[in-house]
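**Student:** kindly generate the corresponding structure for this input.
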Amino acid sequence: MPINFQCLTLTRKSGPNGCTALCHLPSTGRFPDLPDPDYAGHYRELDAYELIARVTDWSQRDHRVTAAGVCGSYARGEETPDSDVDFCILTGNPRSLLDDRSWIRGLGADARGDGPVEDYNLVQSIRVFYGSTEAEFGITDEAWAQLPIDRETASVINDGLHVLYDPHNHLAAAVAAAAKILR
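**Tutor:** Presented below is the predicted three-dimensional model:
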């Protein structure tokens, strides 16, 4: 059964870790800035699917983000309990997201591990833990998805890229081009 919200339609399915949907939003259509406290007043742990939904919501609201996607095992529906969640975040100014990392804590109050930036040429990566959920945020500019795309980018895309937010079709065009390059 499809789940519809804002710019994204997802198909409900069961994954190997027992989750039944790629992500969800509450009826308000957006998440609060902090996770809801549980009955004891402690913040509950942010799971991978809720993190994906929060990144979707944040990317739509943050003017610096031009497109966002989830990559790898979560995009393919092959995640395991040990899988990290890989995000691709396109922006007109990568330094703005790399230097001001307040958005990381805005996704979950329990964010930790906001360590050094890992350099992958066109993509700069930040690894963060939300409870036991590990996320890798790959920050890059629009050139990463600009046509024609290179074989390395096509390989990443063909390994699994699910578009979360893409109002100008940067990622959609790159996905279509990648399919022609390596298939």
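
**Student:** please make it C-alpha for all contacts and neighbour counts, starting now.
**Tutor:** Fine.

**Student:** which SSE is Ala178 in?
**Tutor:** Using DSSP states H and E, Ala178 maps to helix 170-182.

**Student:** what are the boundaries of the strands in this structure?
**Tutor:** Counting by DSSP state E, residue ranges of the strands within the chain are 2-5, 8-11, 65-71, 85-91, 111-112, 118-120, 123-130, 133-141, 161-165.

**Student:** got a list of contacts for the helix holding Ala178?
**Tutor:** Residues from elsewhere that reach helix 170-182, judged by CA atoms under 8 Å, 6 or more residues apart in numbering: 67-69, 142, 145-149, 151, 153-155, 157-158, 161, 163, 166.

**Student:** output the below-cut-off pLDDT ranges for this protein.
**Tutor:** 1-45, 114, 182-183 (pLDDT under 70).

**Student:** report the central residue of it.
**Tutor:** Phe87 (3.6 Å; CA atoms, centre = their mean).

**Student:** that one and His63, how far apart?
**Tutor:** 17 Å (CA to CA, to the nearest Å).

**Student:** likewise Thr153?
**Tutor:** Counting by CA to CA - Thr153 and His63 are separated by 24 Å.

**Student:** and these two? which has more neighbours close in?
**Tutor:** Thr153 (16 against 10; other CA atoms under 10 Å).

**Student:** correct me, but that one touches Gln146?
**Tutor:** No - using CA atoms under 8 Å, Thr153 is not in contact with Gln146; the gap is 10.1 Å.

**Student:** okay, buried residues for the helix holding Ala178 please.
**Tutor:** His170, Leu171, Ala172, Ala173, Ala174, Val175, Ala177, Ala178 (16 or more other CA atoms under 10 Å).

**Student:** check stretch 61-74 too.
**Tutor:** In stretch 61-74, counting by 16+ other CA under 10 Å, buried: Arg64, Val65, Thr66, Ala67, Ala68, Gly69, Val70, Cys71, Gly72, Ser73, Tyr74.

**Student:** distance between the ends of that stretch?
**Tutor:** End-to-end for stretch 61-74, by CA to CA: 23 Å.

**Student:** with adjacent residues omitted, what lies nearest to Val70?
**Tutor:** Distances taken as CA to CA, 6 or more residues apart in numbering place Phe87 nearest to Val70, at 4.5 Å, with adjacent residues excluded.

**Student:** contacting residues for that neighbour?
**Tutor:** Contacts for Phe87 (CA under 8 Å, 6+ apart) come out as Ala68, Gly69, Val70, Cys71, Ala135, Glu136, Phe137, Gly138.

**Student:** now do it against Gly69, distance only.
**Tutor:** On the measure of CA to CA, Phe87 and Gly69 end up 6 Å apart.
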